[in-house]
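Colleague: Build me a model from this:
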Amino acid sequence: MSNRWGVLLLLFVVRLSMAFQFQSVASMSPALMAEYKVGLGEIGLLISLYLAPGLAFALPGGEIGRRFGDKRVVLFGLVLMTVGGLIMASAPSWGWQVAGRLCAGAGGVLLNVLMSKMVTDWFAGKEIATAMAIFVNSWPAGIALCLLVVPAVTAAYGISAAVLLAASLCIIGFALLAILYRAPAEGQAASARSRWPAGSVLQAIIAAGVIWGLFNAAIGMVFSFGTPMLVERGWSLASAGSATSLVLWLVTLSVPLGGYVADRTGKHVEVMLVGFVLFAIALVVAALTTATIPAFVALGLFGGLSAGSIMSLPARVLTAEVRAVGMGVFFTLFYAICVIAPIVAGVVSSRLGTAAAGFFLGAAMLVACLPCYWIFRQLAARSRF
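Modeller: Residues are numbered from 1 along each chain as shown. Below is the predicted model of the structure:
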């Protein structure tokens with residue numbers, strides 16, 4: 001496969017399996033709570049554990065890919081995701097659920113870091129915001145698909161069937177990547193010369209990673225706590241999952257739209273910052289209003305506008321030689337924030353007695369993205385790239 005758009009489609013489909021598996025816990029959270037006698041705090045922890053291995057493996061992930069090859073490492077990650085799913089499907093206790101989730105999450109880390117580098121290798125200097133917007137769209141698309149399918153599967157066939165469905169998508173992704181993917185020649189050459197970013201470049205990529213982490217954690221508040229919030233209001237599990245999935249389906253439209261507008265107009269910054277503000281307002285409204293469907297539609301329409309522009313930030317400061325390690329730094333910050341946020345939201349929600357608290361926390365994180373971008377801009381201006 002030599003056409004970069006064909007490669008992008010392949011990577012989109014493979015990464016979708018990771019999003020589906022990540023979301024599966026939140027989508028069947030009421031069933032897990034009943035089966036294992038746990039609360040929202042434990043569910044928030046289990047959600048976060050999928051991202052927890054990123055704290056250890058995101059930074060060395062780029063170097064591992066350089067030594068063994070991006071494709072081989074991603075395939076290994078898909079194996080770990082499949083094994084983790086099998087452990088969770090047969091888990092006799094909550095402890096085994098935790099073990100399986102950690103195993104699957106370790107594989108997901110390798111996918112996230114190295115596949116983002118793969119996209120950058122193919123699109124650096126080209127339609128990077130559009131390409132990244134399409135690529136990251138695999139996350140809300142996979143989550144929306146999970147929200148639509150997993151609650152119904154869980155209700156009809158049980159927890160194990162839903163977990164096995166997620167694992168089967170990982171197997172399909174493994175087969176597609178193994179057969180179809182190849183790296184661009186220039187990306188392979190750059191990986192051989194990989195080195196650490198330094199100075200203002202390193203500081204800028206740290207700021208960019210914080211922005212990406214806060215933004216994703218805010219989106220996570222919707223698909224992690226949207227379903228239980230609606231169940232609290234008297235919705236059935238299937239109806240609550242479908243309503244929450246509406247947000248993610250609309251995000252799959254707003255993400256590429258935001259990236260396309262940013263590339264076509266050259267106003268990457270304006271699109272990103274306006275997206276932050278509109279999404280924050282929509283989260284607060286959705287937590288307060290009883291007009292759930294209109295509020296969730298607004299969440300979807302505004303929630304993805306900033307994604308492509310954020311993911312294009314690393315390309316503004318990372319040369320090919322520092323890209324592998326730089327993306328590891330970028331995703332380490334992303335994982336740190338996304339691990340902490342659901343735990344905090346779960347604890348706060350438990351203490352306040354409502355899952356809506358997660359929506360307010362998400363709005364606060366989006367507001368925090370504004371000063372973080374100002375810091376990134378100052379550091380990027382000092383870098384030599």
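
Colleague: Neighbours of residue 52, how many?
Modeller: 21 (other Cβ atoms under 10 Å). No exception for glycine: its C-beta is placed from N, CA and C like everyone else's.

Colleague: Show the pLDDT at the residue lying closest to it once chain neighbours are set aside.
Modeller: Among residues not flanking residue 52 along the chain, residue 339 sits closest, at 5.0 Å (Cβ to Cβ, 6 or more residues apart in numbering). Note on residue 339: pLDDT of 77.

Colleague: Residue 339 contacts residue 53, correct?
Modeller: No. Applying Cβ atoms under 8 Å, one finds residue 339 not in contact with residue 53, separated by 9.3 Å.

Colleague: quick revisit: would you check how far apart the residue nearest to residue 52 and residue 129 are?
Modeller: 27 Å (Cβ to Cβ, to the nearest Å).

Colleague: between these two, who's got more neighbours?
Modeller: Neighbours were counted for residue 339 and for residue 129 using other Cβ under 10 Å; residue 129 has more, 28 against 22.

Colleague: ok, the more buried one - contacts?
Modeller: 259, 262-263, 268, 308-309, 311-312 (Cβ atoms under 8 Å, 6 or more residues apart in numbering).

Colleague: ok so, going back, give the contact list for the residue nearest to residue 52.
Modeller: Counting by Cβ under 8 Å, 6+ apart, residue 339 makes contact with 48-49, 51-52, 54-55.

Colleague: The residues you listed into TSV, with extra columns for secondary structure and distance to residue 19?
Modeller: Shown next, in TSV, are those (DSSP: H, G, I helix; E, B strand; the rest coil; distance: Cβ to Cβ, whole Å):
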residue	secondary structure	distance to residue 19
48	helix	15
49	helix	16
51	coil	12
52	coil	17
54	helix	15
55	helix	20
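
Colleague: Let me see the ranges of the helices in the stretch 1-150 of the chain.
Modeller: 4-27, 29-36, 40-49, 54-68, 70-89, 94-123, 128-136, 138-157 (DSSP state H, counting those that start in this stretch).

Colleague: Name the residues that touch the fourth one?
Modeller: The reference is to helix 54-68. Under the contact criterion Cβ under 8 Å, 6+ apart, helix 54-68 has outside partners 73-74, 105-106, 109-110, 112-114, 117, 191-192, 194, 323-329, 331-332, 334-336, 338-339.

Colleague: Buried among those residues? Need that as a selection in PyMOL.
Modeller: Burial among the contacts of helix 54-68 is assessed by 16 or more other Cβ atoms under 10 Å; the matching PyMOL selection reads:
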select buried, resi 73+74+105+106+109+110+112+113+114+117+191+194+323+324+325+326+327+328+329+331+332+334+335+336+338+339
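
Colleague: Tell me where the model's unsure across the chain.
Modeller: By pLDDT under 70, the weakly predicted segments of the chain are 1-2, 124-125, 185-198, 383-385.

Colleague: what does stretch 114-124 contact?
Modeller: 4, 7-8, 11, 14-15, 61-62, 65, 70, 73-74, 77, 128, 131-132, 135, 181, 183-184, 186-187, 190, 311, 314-315, 318, 320, 323-324, 327, 331.

Colleague: which of those residues are buried?
Modeller: For the contacts of stretch 114-124, a burial check counting by 16+ other Cβ under 10 Å picks out 4, 7-8, 11, 14-15, 61-62, 65, 70, 73-74, 77, 128, 131-132, 135, 181, 183-184, 187, 190, 311, 314-315, 318, 320, 323-324, 327, 331.

Colleague: which of the contacts of residue 339 has the most neighbours?
Modeller: residue 51 (29 neighbours).

Colleague: can you tell me how far it sits from residue 361?
Modeller: 16 Å.

Colleague: now residue 90
Modeller: Taken as Cβ to Cβ, the span from residue 90 to residue 361 is 34 Å.

Colleague: Could you check which of the two has the larger neighbour count?
Modeller: A direct count of neighbours by other Cβ under 10 Å for residue 90 and residue 361 places residue 361 higher, at 21 against 12.

Colleague: host element of that one?
Modeller: Using DSSP states H and E, the element containing residue 361 is helix 357-382.

Colleague: what does residue 299 give?
Modeller: Assigned by DSSP H and E, residue 299 belongs to helix 292-303.

Colleague: That helix packs against which elements?
Modeller: Applying 3 or more Cβ pairs under 8 Å, 6 or more residues apart in numbering; DSSP states H and E, we find helix 292-303 packed against helix 199-232, helix 237-265, helix 268-288.
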